[in-house]
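In: what follows is a predicted structure for the sequence shown.
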4 protein chains.
Amino acid sequence: MSRFETRNFLPKNFQPKNPDYRAIAIHTFEQQRAMKTLGISIARLEPGGVDLAMDYSAEFTQQHGFIHAGIITAGLDNACGIAAFTLMPALTGILTVEFKTNLLAPARGQRFAFRATVVKPGRTLTVCEARAYATHDGVETLIATMSGTLMALAAREEAAKDGAPAPV
Amino acid sequence: MSRFETRNFLPKNFQPKNPDYRAIAIHTFEQQRAMKTLGISIARLEPGGVDLAMDYSAEFTQQHGFIHAGIITAGLDNACGIAAFTLMPALTGILTVEFKTNLLAPARGQRFAFRATVVKPGRTLTVCEARAYATHDGVETLIATMSGTLMALAAREEAAKDGAPAPV
Amino acid sequence: MSRFETRNFLPKNFQPKNPDYRAIAIHTFEQQRAMKTLGISIARLEPGGVDLAMDYSAEFTQQHGFIHAGIITAGLDNACGIAAFTLMPALTGILTVEFKTNLLAPARGQRFAFRATVVKPGRTLTVCEARAYATHDGVETLIATMSGTLMALAAREEAAKDGAPAPV
Amino acid sequence: MSRFETRNFLPKNFQPKNPDYRAIAIHTFEQQRAMKTLGISIARLEPGGVDLAMDYSAEFTQQHGFIHAGIITAGLDNACGIAAFTLMPALTGILTVEFKTNLLAPARGQRFAFRATVVKPGRTLTVCEARAYATHDGVETLIATMSGTLMALAAREEAAKDGAPAPV
């Protein structure tokens, strides 16, 4: 067993600031029509950690019939966003500042998982990491990683956002 | 006028190695069902540079009714991939190694553009940059940037890829 | 000439919020002992754009005698930081949130330049891009790119920062 | 304990292809004068995992007296490079393709650790992750993360590299 893994990724017990974090995270997720269109659902939800699931759909493939990297990224980004959101105070909005995706293997399979965990929660910025897995004929393979930064928007900023030229 | 812009991003005249680069790039793009599903099309194609276009669709929105960051990323990634592909030799496949996206403003608008340019072509790896723009009521706004690495796959690797456990 | 370059990277006229931006940016730069140790100096400073310069030093090389990628990154990061800082209000501190570096060619040469420009200034977050060039026997080569996010710290946060467990 | 951490970062037993991996990795590290200048040493070395250590030095600080983000990045990059290198075949060179660093907390402390692990080894490209920690008055804090891509260079490419215009 690799001692490096163990030391690098110590378990954490995140304490949500918002007791309704679960209901609000699910509500926000369900308002995202892109998630419904892509067939992505919440498989698991904890403070600071989220699993999303997606079935294969030929509608979202690239030239080899695998799922397009952008779709995998959409799943990873959303997993990061919801994971960060579970630790934010009530009446806070959230937006993605940036993310990087490394693509490790073709997104080939019948089913896909996007698993995100908060690395560093913050008042304004939260850093998350996520991994995408493909399950092909019963074998799960790591296909992509993401590291990303999410930003909390206070309530009044959230309210004003629709009229604002830029979120940051 | 900023002298920094001028010096940093000098114009380049890329010479395609494959005289059929245009037909092959278009063919590869058209094989990507995700592009059709997302409503993304090629607006312009030159050696080392590509513009893609996408109309707004409520199907691909996040919780505020703007286009989801993952969908914007799919457009940026594809623009980078096609831009890199135009400079690769015949019988070469292409895959994305990694990309980073910075989200600068909400993806609000009726129409979106994804503009990629090759920064450094290479035998194996090509680095590209891309920018996403939203046109809202006639005003175009820069909404996201990408820097990414694309990898050329030689013909026999390309042929074997479906059976390989990983592309790299 | 590439029309892509032209459209993607339009010239901008940034207006500094702080009339003393130049003196304050230079002062902040000079407080960084790492810059002095690495032999990095300001070659040019405008609102939203900075050029840094560094001579070759064998002290900072990797196994092939070229400058180490981490040192190139230090120059790029600092160029981004100063570029962002020129557009921030008075009594603001600055810190780096994240950056990505793509390494394009060996850092071989007698002299190096780090050129940064602001892509999107913001109240809290500013996104910059930078490029590193090596001059070897009179020929300048693009060797690395960076895209990064910088964060403004308001005065009281700045004052309290030393005692805070984390900047974000 | 977070179940997310456990599932995302499964322990791995990497098998080195080169039985002399340890001696060669140490030799390559020792050829990097930048590491000696920065005071960075190898604290631990396993197939696919490396820990580096660095003492505080005022020579490499930013304006608040903390270690400069570029220096932290140099340590993280080197940890990734050596970790990837331990899994490469004999007569292979290595270079960094790209990395992203997220800065989580000020680099304040008397001692710093850079811990890298291979996420996905590959024939050409290897993806690594690393974390930087600062130890301040006996308390260790996670201060930065990196995800990066490293490239193996076959022997003849390695030999020819000094004369090549670009490594990729």
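Out: It's in. Numbers count the residues shown, from 1 in each chain, chains lettered A, B, ... in the order given.
In: strands of chain A, start to end?
Out: If DSSP state E is used as the criterion, the strands of chain A fall at A:40-46, A:49-55, A:93-103, A:111-120, A:125-136, A:139-153.
In: any idea how far the residue positioned nearest the centre of chain A is from residue A:94?
Out: Centroid-nearest residue in chain A, with CA atoms, centre = their mean: residue A:79, separated by 1.4 Å. Distance from residue A:79 to residue A:94, counting by CB to CB, to the nearest Å: 13 Å. Backbone N, C-alpha and C define where each C-beta goes, glycine included.
In: thought residue A:29 was touching residue A:86?
Out: No. Between residue A:29 and residue A:86 there is no contact under CB atoms under 8 Å: 10.9 Å.
In: touching chain B at all, the longest helix anywhere in chain A?
Out: For chain A, the helix with the greatest residue count under DSSP state H is helix A:69-85. Yes. Judged by CB under 8 Å from any CB of the partner chain, helix A:69-85 and chain B are in contact via A:69-71, A:73-78.
In: equivalent analysis for stretch A:36-44, please.
Out: Yes. Against chain B, stretch A:36-44 shows contacts by CB under 8 Å from any CB at residue A:37.
In: just the buried positions in that stretch, please.
Out: Residues A:37-40, A:42 are the ones in stretch A:36-44 that count as buried (16 or more other CB atoms under 10 Å in any protein chain shown).
In: ok, now stretch A:74-92?
Out: By 16+ other CB under 10 Å, the buried positions in stretch A:74-92 come out as A:74-88, A:92.
In: same check on stretch A:54-67?
Out: By 16+ other CB under 10 Å, the buried positions in stretch A:54-67 come out as A:54, A:56, A:59-64, A:66-67.
In: show me the two of those residues that sit farthest apart.
Out: Within the buried residues of stretch A:54-67, A:54 and A:63 form the most distant pair, 19.7 Å apart (CB to CB).
In: quick check: which ranges of chain A have low pLDDT?
Out: A:1-12, A:155-168 (pLDDT under 70).
In: pull the residues that contact stretch A:27-39.
Out: For stretch A:27-39, the surrounding residues in contact (CB atoms under 8 Å, 6 or more residues apart in numbering or on different chains) are A:41-42, A:54-55, A:57, A:60, A:71, A:74-75, A:78, A:82, A:85, A:94, B:58-63, B:67-68, B:70-71.
In: mind listing what the residue nearest to residue A:21 when sequence neighbours are not counted touches?
Out: Nearest residue to residue A:21, sequence neighbours excluded (CB to CB, 6 or more residues apart in numbering or on different chains): residue A:86, at 4.7 Å. With contacts defined as CB under 8 Å, 6+ apart, the neighbours of residue A:86 are A:14, A:16, A:21-22, A:25, A:45-50, A:118.
In: which two from these end up farthest apart in space?
Out: A:22 and A:118 (15.2 Å).
In: the two: which is more packed in?
Out: Shown here are residue A:22 and residue A:118; by other CB atoms under 10 Å in any protein chain shown, residue A:118 has more neighbours (25 against 15).
In: quick check: the more buried one vs residue D:76, distance?
Out: Separation of residue A:118 from residue D:76 (CB to CB): 20 Å.
In: cool, residue A:32 as well?
Out: As for residue A:32, its distance to residue D:76 is 34 Å (criterion: CB to CB).
In: among the buried residues of stretch A:54-67, name the ones in helices.
Out: Among the buried residues of stretch A:54-67, no residue falls in helices (DSSP H).
In: any chance of the residues you listed in CSV, plus distance to residue D:107?
Out: Listed next are the buried residues of stretch A:54-67 as CSV, based on distance: CB to CB, whole Å:
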residue, distance to residue D:107
A:54, 38
A:56, 44
A:59, 46
A:60, 41
A:61, 44
A:62, 40
A:63, 44
A:64, 43
A:66, 40
A:67, 39
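In: count of neighbours near the residue nearest to residue A:74 when sequence neighbours are not counted?
Out: Nearest residue to residue A:74, sequence neighbours excluded (CB to CB, 6+ apart): residue B:70, at 2.2 Å. Neighbours of residue B:70 under the rule other CB under 10 Å: 27.
In: who's in contact with residue B:70?
Out: When contacts are counted by CB under 8 Å, 6+ apart, residue B:70 touches A:34, A:70-71, A:73-78.
In: from chain D, how far out is it?
Out: 18 Å (CB to the nearest CB, to the nearest Å).
In: quick one: that residue and residue A:61, what's the gap?
Out: 15 Å.
In: what's the answer for residue A:40, then?
Out: Residue A:40 is 16 Å from residue A:61, where distance means CB to CB.
In: same deal with residue A:34?
Out: Going from residue A:34 to residue A:61 by CB to CB gives 17 Å.
In: check residue A:136 too.
Out: According to CB to CB, residue A:136 and residue A:61 sit 14 Å apart.
In: check whether stretch A:118-138 comes near chain D.
Out: Yes. Applying CB under 8 Å from any CB, one finds stretch A:118-138 touching chain D at A:119-120, A:127, A:129-131.
In: one more: stretch A:48-59?
Out: Yes. Under the criterion of CB under 8 Å from any CB, chain D is reached by stretch A:48-59 at A:48-51.
In: hmm, who's touching that stretch?
Out: Identification of contacts with stretch A:48-59 by CB under 8 Å, 6+ apart yields A:12, A:14, A:25, A:38-45, A:65, A:67, A:75, A:78-79, A:82-83, A:86-87, A:109-118, A:121, B:33-34, B:37, D:2-5.
In: send the alpha carbons of that stretch over as CSV?
Out: Only the C-alpha atoms of stretch A:48-59 are listed here, as CSV (Å, rounded to 0.1, in the frame of the first residue of the first chain):
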residue,chain,number,x,y,z
GLY,A,48,-17.7,18.4,1.4
GLY,A,49,-18.2,15.4,-0.8
VAL,A,50,-20.4,14.5,-3.7
ASP,A,51,-20.8,11.6,-6.2
LEU,A,52,-22.7,12.1,-9.4
ALA,A,53,-23.7,9.4,-11.8
MET,A,54,-24.4,9.4,-15.6
ASP,A,55,-25.4,6.7,-18.0
TYR,A,56,-23.8,6.4,-21.5
SER,A,57,-25.7,8.3,-24.2
ALA,A,58,-24.7,8.2,-27.8
GLU,A,59,-25.9,11.8,-28.1
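In: up against chain C, what does chain A have?
Out: Residues of chain A lying close to chain C by CB under 8 Å from any CB are A:97-98, A:100, A:120, A:122-125, A:149, A:151, A:166, A:168.
In: among those, who's most crowded?
Out: Neighbour counts for those peak at residue A:98, which has 28 neighbours (criterion: other CB under 10 Å).
In: tell me how far residue A:17 lies from residue D:100.
Out: From residue A:17 across to residue D:100, the span is 28 Å (CB to CB).
In: equivalent analysis for residue A:84, please.
Out: From residue A:84 across to residue D:100, the span is 17 Å (CB to CB).
In: with residue A:132 instead?
Out: Taken as CB to CB, the span from residue A:132 to residue D:100 is 17 Å.
In: likewise for residue A:61?
Out: Using CB to CB, residue A:61 is found at 27 Å from residue D:100.
In: I figured residue A:134 hits residue A:105, correct?
Out: Yes. Counting by CB under 8 Å, residue A:134 touches residue A:105, with 7.4 Å between them.
In: cheers, nothing more for now.
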